[in-house]
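K.L.:
fold the following, please.
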Amino acid sequence: MKKNIGEQVVAFNRQLHYSGDLPEGFHVLNPFFDNPETLTVMTEFYQKFYNDHNQRKFIIGINPSRHGAGVTGVPFTDTKRLETVCGIEMKSAHTHEISSVFLYDVIGQFGGPEQFYKEFYINSPFPLAIVRNTVRGNLNANYYDDKNLFEAVKPFMIQSLKDHISLGLDTSEVFILGKKNATFIDKINSQEHFFDKMTVLEHPRYIQQYKSKEKQLYIDKYLIALNKA
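P.N.:
Below is the predicted model of the structure:
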């Protein structure tokens, strides 16, 4: 019998490994190797919310941050929201991540995690955290921050997107978080023809950092787009 979606995602995460070259100064962090509890809570999350074979719409982020999915293994989910909203406690780490704050406000107004995750699957084209060495230490990096970085990870991104889609996702419309992210996903989509329609939404981090006074307007924008899905 075919594995349910949750089991397939857990299997995907368990074998995740990036062995390609990266430009100087960039490094990939794999949360599933760095902390044994990450595998445990990630598995619990997907068993709880994806224990079925239902078709879902795909929401695409950029790549995990060190404090969100880079710790919990669950996209846009820090340990606070993993425990308080999803009911899954992580004992070995405690993180607060601003993108997670916004997305879970959307999820709350959508109807809660059970309703939301029944209809949507979130992941990233590069599903591991990327950091860049700077004089201030290691900082989060996006796959598109450097042209050579994007070219280096592009084949891995294409394969990851194929793997996500193979879960049986609905590819008639995809939701891209972040305008710059959408530019690069569009380049890939022009080549691979993964998705029929791309709907672009402002990235949660951008909204929390620069548009917090208008936050409800952006939540409404998300809800309108997702409820039409």
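
K.L.:
please list the outside residues in contact with the one helix or strand E114 maps to.
P.N.:
If you go by DSSP states H and E, E114 is part of helix 113-119. Helix 113-119 has contacts (C-beta atoms under 8 Å, 6 or more residues apart in numbering) with 49-50, 52, 54, 56-57, 85-86, 106-107, 110, 226, 229. Every residue, glycine included, has its C-beta placed from N, CA and C.

K.L.:
got the buried residues for stretch 105-116?
P.N.:
105-107, 110, 113, 116 (16 or more other C-beta atoms under 10 Å).

K.L.:
right, I mislabeled it, should have said stretch 203-215
P.N.:
For stretch 203-215, the neighbour count (16+ other C-beta under 10 Å) marks 203-208 as buried.

K.L.:
okay, the one residue sitting closest to the centre of the chain: pLDDT?
P.N.:
With distances taken as C-alpha atoms, centre = their mean, N123 lies nearest the centre of the chain, 3.3 Å away. On pLDDT, N123 comes in at 96.

K.L.:
re earlier: mind putting the buried residues of stretch 203-215 into CSV with secondary structure, distance to L139 and pLDDT?
P.N.:
Shown next, in CSV, are the buried residues of stretch 203-215 (DSSP: H, G, I helix; E, B strand; the rest coil; distance: C-beta to C-beta, whole Å; pLDDT from 0 to 100):
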residue, secondary structure, distance to L139, pLDDT
H203, coil, 17, 95
P204, helix, 18, 94
R205, helix, 14, 91
Y206, helix, 17, 94
I207, helix, 21, 95
Q208, helix, 18, 93
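
K.L.:
so is N133 in a helix, a strand, or just coil?
P.N.:
When classified by DSSP: H, G, I helix; E, B strand; the rest coil, N133 comes out as strand.

K.L.:
and for it, nearest residue in space, chain neighbours not counted?
P.N.:
Leaving aside its sequence neighbours, N133 sits nearest to G25 (C-beta to C-beta, 6 or more residues apart in numbering; 4.7 Å).

K.L.:
how near is that neighbour to P155?
P.N.:
Distance of G25 to P155, given as C-beta to C-beta, to the nearest Å: 21 Å.

K.L.:
check D145 too.
P.N.:
The gap separating D145 from P155 is 18 Å, by C-beta to C-beta.

K.L.:
which one of those two has more residues nearby?
P.N.:
Neighbours around D145 and P155, counted as other C-beta atoms under 10 Å, are more numerous at D145. The numbers are 16 against 10.

K.L.:
per-residue pLDDT of the more buried one, please?
P.N.:
94.

K.L.:
burial measure for the residue lying closest to L29 once chain neighbours are set aside, as a count.
P.N.:
Computed as C-beta to C-beta, 6+ apart, the closest residue to L29 that is not its neighbour in sequence is A129, at 4.2 Å. A129 has 24 neighbours, counted by other C-beta under 10 Å.
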